[in-house]
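Participant: Compute the structure for the input listed below.
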Amino acid sequence: MKSGKYNRRKFLGAISVSTAGGILINTIAPFSTANAQTNSLLSDQDPKSEYLFADGLTYLNTGTLGPCRRDTIEVSKKTWEELESLPVKFYGKFGAESLAEKTRTIAARFLGCDIGEILITTSTTNGMNAIAQGLRLKSGDHILTTDQEHGGGLLCWNYFAKYYGVIIDMIIIPPGENNAEAILNRIKDSIKKETKLISVSHIFSATGLRMPIAEISSLARSKGILCIVDGAQAAGAIKVNVKELGCDAYATSGHKWLMGPKGTGLLYLSKDVQNIIKPIQFEESYDTYNDGNGVVNLACILGLGKAIEYLESVGITKVEEHNMSLRNRLYERLSSIPKLKIMSPTAGPLASPMLACLVPDSIERTSFVRMLLDKHKLSIRPTHKQWFNGIRFSCHIFNTVKEVDFAANVLQKELET
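Facilitator: The predicted structure is shown next:
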């Protein structure tokens, strides 16, 4: 069993502020128009003009943290300023509830479920913790998961294993082995009579492998067990309809592919399992404002609603097509670099907008990523060391063909020297 020490924050040191790269908070400026590309998804405008990227930055790192658009920031800022002008302005009956519920309505529509099945959280990890706590697991219960889960989605199960005697059965999925049928067979063969749930990522943060969630959910139902999904790397990157996926619970982040404010998230709990999964913070109701949830960050919650509305206006199908087109182009470009081994699936149903590569052992991945930022203003991320010595790219709506080609050229140049 892997420990939960690898969390969603430890990598920040590898991609944080850099004097040489000019990526300091107080130097943030609009992206140079020289880097615009007319064949982007937003072909009638500079795709970077609605973001606050540092000048010249090529950001292929949404899988780590997504950027907020200007309109998202303005909604949050306006709400915050209005709130601080009279701190109790939105308190209780004065309107906070209705404002927050607007975001819940938008989120439910985006994920394809009823508002009575959506809860606002602070992150994917927060949502996964709520699920685990709400299940009231006991000693001897078995949880089936994989060795490719992010620490933020695994810590909750490790906690119950450590303190309550829950048993974790872990399926081994070697990085680079991208075989949906083999994965399904391993899951099926690993289910025991004591298994209470299957917990898997929709998209693996290590390799970008898109898991066959609908098939896993169907298998779980046939065995009378739950299917819990860590969707941190999916919602906003690809189309996610929780009803079509058939899972019982789905936790995701607002601050990655949804491009919402940091510290926001969403949790879907199917009506079929709401009598089984009962998180304490939502014991009173699923409303964002309730006695179990306390005071929430209303400004950021409203910003999240604005961010989701933007993706809806573009169309999530178009967003996914754009993201996959860039990712597949990058796959082809990087395939020709001898010192890189691509660990992600080839183009097809198992691929996602994230692409990961193994680098030679002689290259320290964190230092290499920092060098790319300092020297080339190219932001990607190192993979978690427990999986492999690699790097990862994330392609999203604001990225362009020109940026993907630039990244490939930079990698080729640096790895040939």
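Participant: Just want the phi and psi numbers for Phe204.
Facilitator: For Phe204, the backbone dihedrals (degrees, to the nearest 10) come out as phi -70, psi 130.
Participant: Would you confirm that it contacts Gln148?
Facilitator: Yes: applying Cβ atoms under 8 Å, one finds Phe204 in contact with Gln148, separated by 4.7 Å. In this view, the C-beta of every residue, glycine as well, is placed from N, C-alpha and C.
Participant: any shared contact partners between these two?
Facilitator: Ile173 (Cβ atoms under 8 Å, 6 or more residues apart in numbering).
Participant: Strands of the stretch 101-250 of the chain, residue ranges please.
Facilitator: Ranges of strands within the stretch 101-250 of the chain are 118-121, 142-146, 167-171, 195-201, 226-230, 249-253, based on DSSP state E, counting those that start in this stretch.
Participant: elements contacting the shortest one?
Facilitator: Okay, so that is strand 118-121. helix 96-111, helix 124-135, strand 265-269 (3 or more Cβ pairs under 8 Å, 6 or more residues apart in numbering; DSSP states H and E).
Participant: Next: the last one.
Facilitator: The helices and strands touching strand 249-253, judged by 3+ Cβ pairs under 8 Å, 6+ apart, are helix 124-135, strand 226-230, strand 265-269.
Participant: for the second one, packing partners?
Facilitator: Spelled out, that is strand 226-230. Counting by 3+ Cβ pairs under 8 Å, 6+ apart, strand 226-230 packs on helix 124-135, strand 195-201, helix 213-223, strand 249-253.
Participant: and the protein, what are its domains?
Facilitator: Domain segmentation of the chain under automatic domain parsing yields 12-67+316-416, 73-312.
Participant: And the helices and strands packed on strand 249-253: which comes nearest Gly208?
Facilitator: In terms of Cβ to Cβ, the element of the helices and strands packed on strand 249-253 nearest to Gly208 is strand 226-230, at 14.1 Å.
Participant: How far away from the center of its chain is that closest one?
Facilitator: 15 Å (Cα atoms, centre = their mean, to the nearest Å).
Participant: what's the angle from that strand to strand 195-201?
Facilitator: Interaxial angle, strand 226-230 versus strand 195-201 (axes from the mean of the first three to the mean of the last three Cα atoms, to 10 degrees): 20 degrees.
Participant: start the count at 17, not 1, going forward
Facilitator: From this message on, residue numbering opens at 17, which makes the last subject strand 242-246.
Participant: Output strand 242-246 as PDB, nothing but the C-alphas.
Facilitator: Coordinates of each C-alpha in strand 242-246 appear next as PDB, following Å, rounded to 0.1, in the frame of the first residue of the first chain:
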ATOM      1  CA  LEU A 242     -20.000   1.100  -5.100                       C
ATOM      2  CA  CYS A 243     -17.900   2.900  -7.800                       C
ATOM      3  CA  ILE A 244     -16.200   6.100  -6.500                       C
ATOM      4  CA  VAL A 245     -14.300   8.300  -9.000                       C
ATOM      5  CA  ASP A 246     -11.600  10.800  -8.500                       C
END
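Participant: partners of that strand in the sheet?
Facilitator: strand 211-217 (parallel), strand 265-269 (parallel) (DSSP bridges).
Participant: what residue ranges in the stretch 17-166 of the chain are flagged as low confidence?
Facilitator: 17-63, 107-112 (pLDDT under 70).
Participant: buried set for stretch 132-139?
Facilitator: 133-139 (16 or more other Cβ atoms under 10 Å).
Participant: Need the residues that contact that stretch.
Facilitator: 24, 116, 119-120, 123-124, 127, 143, 146, 168, 258, 267, 269-271, 279-287, 290, 295, 298, 302, 304, 312-313, 317, 320.
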